[in-house]
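In: From the sequence below, what's the structure:
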Amino acid sequence: MNLVKFLGAALAAAVLGLSACASRDDSSKRGAGEFTSDAALVTKVKTAIASDAGIGSASAINVNAYRGVVQLSGFVDSQEKIERAAQAARNVEGVRTVENNIKVRPSS
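Out: From the prediction side, this is the model:
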C-alpha cells in the first residue's frame, strides 16, 4: 500500500513538473513567419506611398507593422498628403487596419 502511495505521489510530482515546463500560448509574441510577413508588409506600404506622386517625399513617413496593423508616423506638408498616405497603405494587400499618426509639418 505504501508503494502505491509513493508511486502516486511521484507521478503527481512529475506531471506538475512537466506542466510547468510546457510552452504557453503568448499571443503577444510573433513567430519568425509573422515577423517576416510584417517586414514584407512594411516594404509594400513604403513602396505604395513612394509610388504616389501626390504625397511627395515618402522618406518623411515612417511605417511599422504588427500582425497586419500598419502604423504611419512622420510629418508632411498638408492634410491631403496625410490622407493620401493612409489610403495608399489601406490599398496594400494584407493591411488589416491603418493607424495614421502623420502630422502636418508646422510652417516656420
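In: Helices of the protein, start to end?
Out: Listed in chain order, the helices of the chain (DSSP state H) span 2-21, 32-51, 79-90.
In: where among these is the average confidence lowest?
Out: If the helices of the chain are sorted by mean pLDDT, helix 2-21 sits at the bottom with a mean of 55.
In: could you give the mean pLDDT of stretch 98-108?
Out: On average, stretch 98-108 scores 90.
In: Mind listing what's buried along it?
Out: Going by neighbour count (16 or more other C-beta atoms under 10 Å), the buried part of stretch 98-108 is 98, 100, 102. In this view, the C-beta of every residue, glycine as well, is placed from N, C-alpha and C.
In: One more: stretch 84-99?
Out: 84-86, 88-89, 92, 95, 98.
In: first to last residue in that stretch, what's the distance?
Out: This stretch, stretch 84-99, spans 13 Å end to end (C-alpha to C-alpha, to the nearest Å).
In: what does that stretch contact?
Out: Here stretch 84-99 makes contact (C-beta atoms under 8 Å, 6 or more residues apart in numbering) with 37, 40-41, 44-45, 48-49, 51-52, 54-55, 58, 61, 63, 65, 67-72, 76, 100, 102.
In: Now, of the residues you listed, which are buried?
Out: By 16+ other C-beta under 10 Å, the contacts of stretch 84-99 give 37, 41, 44-45, 48-49, 55, 58, 61, 63, 65, 70-72, 76, 100, 102 as buried.
In: ok, now which ones touch Ser59?
Out: Contacts of Ser59 (C-beta under 8 Å, 6+ apart): none.
In: re earlier: so which of the buried residues of stretch 98-108 is the closest to Glu80?
Out: Closest approach between the buried residues of stretch 98-108 and Glu80, by C-beta to C-beta: Ile102, at 11.4 Å.
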